[in-house]
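Engineer: Below: sequence and its predicted model.
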Amino acid sequence: MANAKIVYATMTGNTEEIAQAFQESLKKAGAEVELTDVNDAKAEDFKNFDILVVATYTYGQGELPDDIQDFYEDLKDIDLAGKVYAVLGSGDTSYDYMYCKAADDFDAILTEAGAKKAAPVYKIEFNEYDQGKLDEIAQALVNAA
Ligand SMILES: Cc1cc2nc3c(=O)[nH]c(=O)nc-3n(C[C@H](O)[C@H](O)[C@H](O)COP(=O)(O)O)c2cc1C
């Protein structure tokens, strides 16, 4: 059975809600899942999992949340070849071209670290996720792992 790690950053709870719903999707797809607030996570933890998921909101003007900045920086020094990943973003479309920018940044850094993307970044307005879409991404991850 593939094992999965979801690391999330949240301020007002939307991303946490999305991450919890995605945990259920991954379990349904047959993975063993660990869900961790980024404040309790280290980038190197990802080395121990087949499936890597980052769920993050975006702050400032297209910025990474403070809480997840160290995690992001530390990913630059880690080799994640052989792993598959997906990124979930929560944001606000009124930020226009900065919509869910932090999720795009994680997409880029995970690719640079050598992990393989199993599905396009799923950008979600606040907490308005589609459970069917989450299930689809979870299945793609399990199939690719
Ligand atoms: C000060 C501030 C700045 C924000 N900047 C952005 C932004 O640049 N891009 C974006 O898509 N959303 C932005 N947002 C919206 C949040 O990402 C959105 O409300 C998100 O759902 C919060 O997630 P959380 O409930 O997990 O904390 C901003 C929100 C606040 C309060």
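Structural biologist: Sure thing, it's come through.
Engineer: tell me the contacts of the residue in the chain positioned nearest to the ligand?
Structural biologist: For the chain, the residue closest to the ligand is Gly91, as judged by CB to the nearest ligand atom, at 2.4 Å. Every C-beta, even on glycine, is put in place using the N, C-alpha and C of the backbone. Gly91 sits next to 57-58, 99-103, 123-126 when contact means CB atoms under 8 Å, 6 or more residues apart in numbering.
Engineer: switch the cut-off to 6 Å
Structural biologist: By CB atoms under 6 Å, 6 or more residues apart in numbering, the residues touching Gly91 are 58, 99-100.
Engineer: The residues you listed: which ones sit near the ligand?
Structural biologist: When the contacts of Gly91 are checked against the ligand using CB under 6 Å from any ligand atom, the ones in range are 58, 99-100.
Engineer: would you list those in a markdown table and tack on neighbour count, secondary structure and distance to Asp50?
Structural biologist: Output for these, formatted as a markdown table (neighbours: other CB atoms under 10 Å; DSSP: H, G, I helix; E, B strand; the rest coil; distance: CB to CB, whole Å):
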| residue | neighbour count | secondary structure | distance to Asp50 |
| --- | --- | --- | --- |
| Thr58 | 25 | coil | 27 |
| Tyr99 | 17 | coil | 30 |
| Cys100 | 25 | coil | 25 |
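Engineer: List the beta-bridge partners for Lys123.
Structural biologist: Listed beta-bridge partners, Lys123: Gly89 (assigned using DSSP bridges).
Engineer: With Glu73 as the reference, measure out to it.
Structural biologist: Using CB to CB, to the nearest Å, we find Lys123 at a distance of 23 Å from Glu73.
Engineer: Looking at those two, which has the bigger crowd around it?
Structural biologist: A direct count of neighbours by other CB atoms under 10 Å for Lys123 and Glu73 places Lys123 higher, at 17 against 12.
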